[in-house]
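Engineer: Have a look; sequence and predicted model below, questions after that.
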Amino acid sequence: KRGTPPASLPNIRAFLLTSDKEFQNRFDKMWKKNEIRFNDLQGIKDKLGTKQTIEFSKYSESRDLFKVLPQKMFDIRNGDSWNLANKWLGTKAAPVAFKIKETLSAMSINQNALMQKDGEASSLLLKSLLSIEYALFFVGILTTFGVGFLVSKSVKVALLSITDQMKLGMTEITNLAGEIDNSSQELSSSAEQQSSAIE
């Protein structure tokens, strides 16, 4: 007579795992059988021995504690809060996580776009700087050649002027030397004449 509750427990476990109503119906059928048999025992408990009466009393107390539990378990399993963690995972955590994922994805796309834009701007700036450097390099070369040409031209003009002045000086010195030579010859001739006159 006490075999139906232990035999019905696998149905409770199966229902809690699957929420299949068939397991609940099987348990209810077995529990009804148990109630019929328990009532039969209640009717003949005055015929039980002392030890049997004590055991039946213990069984009755345990049965009273147990009989309210299956329905509570069924109600919880059928309700929304039977697995509150999974429910919150599906209804609260997952949507928030999805929004966070979308936000992070948008931030990543935005950051990549900014990085690409900054890269393009840096590339253009680098090209501009290289163009300016090349232009300055060529301007520097042209300026160096220009200044060198002007300096060499001015030096050449100065050297030609000095050379012309030296030529003029040499001509004057040559003329002066010729005059001195003529004067020397005149002095020598005059001295010879005076010497002849003295003699």
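Structural biologist: That came through fine. Please read all numbers here as calculations on a predicted model, not as lab measurements. Numbering: from 1, shown residues only.

Engineer: Show me what secondary structure element comes after the host helix or strand of Arg13.
Structural biologist: Using DSSP states H and E, the element containing Arg13 is helix 4-18. Using DSSP H and E, the next helix or strand after helix 4-18 towards the C-terminus is helix 21-43.

Engineer: distance between the helix or strand just after that following helix and the chain's centre?
Structural biologist: Per DSSP H and E, the first helix or strand lying C-terminal to helix 21-43 is helix 50-78. Offset of helix 50-78 from its chain centre (CA atoms, centre = their mean, to the nearest Å): 63 Å.

Engineer: ditto for stretch 170-183
Structural biologist: Centroid separation between stretch 170-183 and its chain, computed with CA atoms, centre = their mean, is 95 Å.

Engineer: Stretch 143-153 now?
Structural biologist: 54 Å.

Engineer: for it, what is the average pLDDT?
Structural biologist: On average, the pLDDT along stretch 143-153 is 85.

Engineer: For that stretch, buried residues please.
Structural biologist: Within stretch 143-153, no residue counts as buried by 16 or more other CB atoms under 10 Å. All C-beta spots, glycine's among them, are computed from the backbone N, C-alpha and C.

Engineer: and the gap between the nearest residue to Lys21 once chain neighbours are set aside and Ser195?
Structural biologist: Of all residues not flanking Lys21 in the chain, Phe15 sits nearest, at 7.8 Å (CB to CB, 6 or more residues apart in numbering). If you measure Phe15 against Ser195 using CB to CB, to the nearest Å, the figure is 170 Å.
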